[in-house]
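>>> sequence plus the predicted model coming up.
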Amino acid sequence: MKNITQQFNERFVPFKALLIYKFDREEKADQFQNSEKETQIYVESYDIGYNGKPIIEISSNPGWSHKINDLTQG
């Protein structure tokens, strides 16, 4: 099998990144009823710049700067 990573990276340019979070929460009504499971989904979308990194406003959300840096170094 051929490694086409370099060819793929030359032809296709990333332009959008999606982060999808899932949170499962169990609620118990009382000791005689079964637990109900509730799933919540949260989606974030980022545009990707020419340098391959997400374009975000760090000043509007300073808590996310470390998370974005971690994602772009992968």
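Sure thing, it's come through.
>>> so residue 40 sits against residue 20, correct?
No. Counting by Cβ atoms under 8 Å, residue 40 does not reach residue 20; the two are 11.5 Å apart. Every C-beta, even on glycine, is put in place using the N, C-alpha and C of the backbone.
>>> which residues in the chain form strands?
For the chain, the strands defined by DSSP state E occupy 16-28, 35-48, 54-55.
>>> so of those, which one's packed in deepest?
Comparing the strands of the chain by mean neighbour count (mean count of other Cβ atoms under 10 Å), strand 54-55 comes out on top with a mean of 16.
>>> for residue 2, give its distance to residue 8.
Between residue 2 and residue 8 the computed distance is 11 Å (Cβ to Cβ, to the nearest Å).
>>> which one's more surrounded, those two?
A direct count of neighbours by other Cβ atoms under 10 Å for residue 2 and residue 8 places residue 8 higher, at 9 against 5.
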